[in-house]
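> Model the following, please.
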Amino acid sequence: MLRNNFSALAALGRWVLVFTVLLGRTVSAGAADPQVSISGQDVNGHAVALNGKGHFTVVMYTNPDLEDASREMTLALDPYRSRSDFTLVRVVDLRGNVPPEMRSIVRVQIRKEQVKECARLKKAGVVANSDQSPIIPDFSGSTLDALGWSSVYDQVHLVVYDPQGREVKRLEAVTDAKQMTKVVDSIL
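Sure thing, here's the model as predicted:
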């Protein structure tokens, strides 16, 4: 009786091992494939692929407390903004900060800032439009969670995707615009 139980246990162990190996191969094979599309809605309600194909994308985490720091990072990216193979996406963390009845007011304010930014870029000789630099106000946290940013941060975070939509670099707690541009230069 003990021998039968031991044989059954050994057989079960082999199946667990085989299943684990097969599962590991499935996970590994999936990890080698391009990442699942990560998207959000920009300030105008249009869908934006954060790891879209055909261009390098720098995705920036910001929140209302990081306005000055994210502006500094955005200014540092100006030299890249007119490139057809470059997109800057800013995701604004507004989880729990804005009641639903106030969200349209926030969107209007963001649109006004975008108009100012486009005028500033035009004066600097940079041809860019809001499609190349969408801003995603994330009220629910769904886009932030998909990017792996589950907390509220006190510093700018960045993730860079290549033209195939694969993550190539992640920077957390970016405090220096020069650090960021050095990384972007190395990738582009």
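
> Only C-alpha atoms from now on, for both contacts and neighbour counts.
Will do.

> show me where the chain has strands.
39-41, 47-49, 56-62, 86-93, 135-138, 156-161, 167-174 (DSSP state E).

> How far does the second one sit from its chain's centre?
Per Cα atoms, centre = their mean, to the nearest Å, the displacement of strand 47-49 from the mean C-alpha position of its chain is 11 Å.

> so residue 86 bridges to which residues?
Here residue 86 sits in beta bridges with residue 56, as judged by DSSP bridges.

> how does this structure divide into domains?
According to automatic domain parsing, the chain comprises the domains 1-33, 39-187.

> could the strands of the chain be laid out in CSV, adding mean pLDDT?
Below are these laid out as CSV (pLDDT from 0 to 100):
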stretch, mean pLDDT
strand 39-41, 94
strand 47-49, 94
strand 56-62, 95
strand 86-93, 95
strand 135-138, 96
strand 156-161, 95
strand 167-174, 93
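
> Just send those back as CSV, with distance to residue 107 too.
Putting the strands of the chain into CSV (distance: least, Cα to Cα, whole Å) gives the following:
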stretch, distance to residue 107
strand 39-41, 11
strand 47-49, 15
strand 56-62, 15
strand 86-93, 11
strand 135-138, 8
strand 156-161, 21
strand 167-174, 26
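
> Output those as TSV; include the columns mean neighbour count and distance to residue 108.
Formatted as TSV, these follow (neighbours: other Cα atoms under 10 Å; distance: least, Cα to Cα, whole Å):
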stretch	mean neighbour count	distance to residue 108
strand 39-41	19	15
strand 47-49	15	18
strand 56-62	25	18
strand 86-93	23	14
strand 135-138	25	11
strand 156-161	20	23
strand 167-174	14	28
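
> which residues in this protein form helices?
2-32, 67-76, 103-123, 142-146, 177-187 (DSSP state H).

> just the CA coordinates of the last one, formatted as CSV?
Same thing as helix 177-187. What follows is helix 177-187, C-alpha atoms only, in CSV (Å, rounded to 0.1, in the frame of the first residue of the first chain):
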residue,chain,number,x,y,z
ALA,A,177,17.2,66.6,-16.8
LYS,A,178,20.7,65.9,-18.0
GLN,A,179,20.5,62.3,-16.7
MET,A,180,17.3,61.9,-18.8
THR,A,181,18.7,63.4,-22.0
LYS,A,182,21.8,61.3,-21.7
VAL,A,183,19.7,58.2,-21.6
VAL,A,184,17.5,59.4,-24.5
ASP,A,185,20.6,60.2,-26.5
SER,A,186,22.0,56.7,-26.0
ILE,A,187,18.8,55.2,-27.2
